[in-house]
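> got a sequence here, can you build the structure:
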Amino acid sequence: MNFAAIKQRLALYARLTRLDKPIGTLLLLWPTLWALWIASDGSPGWLMVCIFCLGTLLMRSAGCVMNDLADRNFDAHVERTRDRPLAAGLVSVKEALWLAVILTLAAFCLVLALNRLTIALSFAALALAATYPFTKRFLSVPQAYLGVAFGFGIPMAFAALTNRLPDLAWWLLLANVFWAIAYDTEYAMVDRDDDMRIGIKTAAITLGRFDVAGVMLCYGAMLAVLAGAGARLQFGMYYYLGLGAAGLIMLYHYTLIRGRRREDCFKAFRHNNWVGGVVFAGIAANYAWR
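Numbers count the residues shown, from 1 in each chain. So this is what the prediction gives:
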């Protein structure tokens with residue numbers, strides 16, 4: 001295989017793992033960073049941050065491959081996904097399986113530098129990532145399962161830094177579940193017609209004409225849980241300014257999704273990076289200037 005052919009294969013693998021679309025990695029990373037800063041009282045250490053950042057990237061990439069393996073027979077019938085490498089037949093199932101294994105093993109090597117509790121939790125994280133794609137066959141709101149899978153960096157961060165799993169870790173995970181239902185419903189609104197035709201279940205289909213209300217209700221629940229967590233931790237003004245900024249961004253998302261136009265719903269989904277970012281900024285500022 002010559003250099004040009006190798007370069008072409010690597011480009012396909014990059015598309016398969018969504019390296020060209022970092023929004024998914026960021027949506028996993030922000031809650032993990034929330035937890036790292038809170039569990040460490042604002043000083044997680046750069047080594048721990050690097051381990052979790054790289055681990056998030058590797059597991060998100062592996063999760064994308066697992067998702068496309070599970071959905072390869074559906075993706076070809078959805079306008080937005082029909083050009084994905086597996087659906088288009090550009091990458092073989094065997095290649096994709098090997099890629100998922102390599103990425104998962106690389107992430108596990110990082111986890112081996114942490115304590116036993118975190119290593120044990122990594123197996124649960126892998127199980128969640130591997131089984132999520134199949135929940136769209138039978139769960140009415142698979143986005144809730146996604147929220148647990150995308151937020152499992154939260155309990156892992158607490159385990160790595162404190163060697164225990166306090167109630168606060170699960171409250172943060174709950175906030176992430178509400179957030180994931182909100183942003184992934186926006187995402188599902190893009191594919192609603194195709195998903196209904198091929199028989200996949202999503203919150204956008206389950207909620208029907210109450211989809212926009214459902215998104216905003218979940219946004220509100222996320223903010224309420226985070227506000228409660230902040231009160232318990234006795235956080236100050238900077239934290240609540242971050243939550244306020246997140247709330248304003250959510251109101252902007254309402255203006256995008258209320259018309260249910262595909263392009264605007266997808267824009268709102270991608271814009272959730274800023275929601276996670278401003279919440280983290282509030283947490284970091286609270287510790288920096290307390």
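
> shaky segments in this structure?
1 (pLDDT under 70).

> please enumerate the helices of it.
Here the chain has its helices, by DSSP state H, at 3-16, 23-39, 46-75, 93-111, 116-135, 142-150, 153-162, 167-190, 192-198, 203-207, 211-233, 237-257, 262-270, 272-288.

> what is the neighbour count of residue 252?
Counted with other CB atoms under 10 Å, the neighbours of residue 252 add up to 12. Heads up, the C-betas are built off the backbone N, CA and C, glycines and all.

> which parts of stretch 211-227 are buried?
Neighbour counts using 16 or more other CB atoms under 10 Å place 211-212, 214-216, 218-219, 221-223, 225-226 of stretch 211-227 among the buried residues.

> give me the residues contacting it.
171-172, 174-176, 178-179, 181-182, 185-186, 189, 203-204, 207, 240, 243, 246-247, 250, 253-254, 257-258, 260, 279 (CB atoms under 8 Å, 6 or more residues apart in numbering).

> can you give me how far it is from the chain middle?
For stretch 211-227, the distance from its own C-alpha centre to the chain's C-alpha centre is 17 Å (CA atoms, centre = their mean, to the nearest Å).

> next: stretch 247-263.
19 Å.

> stretch 166-185 now?
10 Å.

> for residue 137, see how far away residue 281 is.
38 Å (CB to CB, to the nearest Å).

> and the two? Which one has more around it.
residue 281 (17 against 12).

> not counting its neighbours along the chain, what's nearest that one?
Excluding its sequence neighbours, the residue lying closest to residue 281 (CB to CB, 6 or more residues apart in numbering) is residue 242, at 5.4 Å.

> give the contact list for the one you found.
By CB under 8 Å, 6+ apart, residue 242 lies in contact with 278-283, 285.

> the same query, at a cut-off of 6 Å, please.
Residue 242 makes contact with 278-279, 281-282, according to CB atoms under 6 Å, 6 or more residues apart in numbering.

> ok, now residue 103?
Counting by CB under 6 Å, 6+ apart, residue 103 has contacts 58, 61-62.

> most neighbours among those, which one is it?
residue 61 (25 neighbours).

> now that residue. Nearest residue, chain neighbours left out?
Leaving aside its chain neighbours, residue 61 sits nearest to residue 17 (3.7 Å; criterion: CB to CB, 6+ apart).

> against residue 50, how distant is the one you found?
20 Å.

> of the two, who's got more company?
Per other CB under 10 Å, whichever of residue 17 and residue 50 has more neighbours is residue 17, with 25 against 11.

> my read is that the more buried one contacts residue 63, right?
No. Using CB atoms under 6 Å, residue 17 and residue 63 do not qualify as a contacting pair, with a distance of 9.1 Å.

> JSON lines please, covering the helices of the chain and showing distance to residue 84.
Listed next are those as JSON lines, based on distance: least, CB to CB, whole Å:
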{"stretch": "helix 3-16", "distance to residue 84": "7"}
{"stretch": "helix 23-39", "distance to residue 84": "13"}
{"stretch": "helix 46-75", "distance to residue 84": "5"}
{"stretch": "helix 93-111", "distance to residue 84": "11"}
{"stretch": "helix 116-135", "distance to residue 84": "13"}
{"stretch": "helix 142-150", "distance to residue 84": "18"}
{"stretch": "helix 153-162", "distance to residue 84": "25"}
{"stretch": "helix 167-190", "distance to residue 84": "15"}
{"stretch": "helix 192-198", "distance to residue 84": "13"}
{"stretch": "helix 203-207", "distance to residue 84": "20"}
{"stretch": "helix 211-233", "distance to residue 84": "25"}
{"stretch": "helix 237-257", "distance to residue 84": "24"}
{"stretch": "helix 262-270", "distance to residue 84": "16"}
{"stretch": "helix 272-288", "distance to residue 84": "22"}
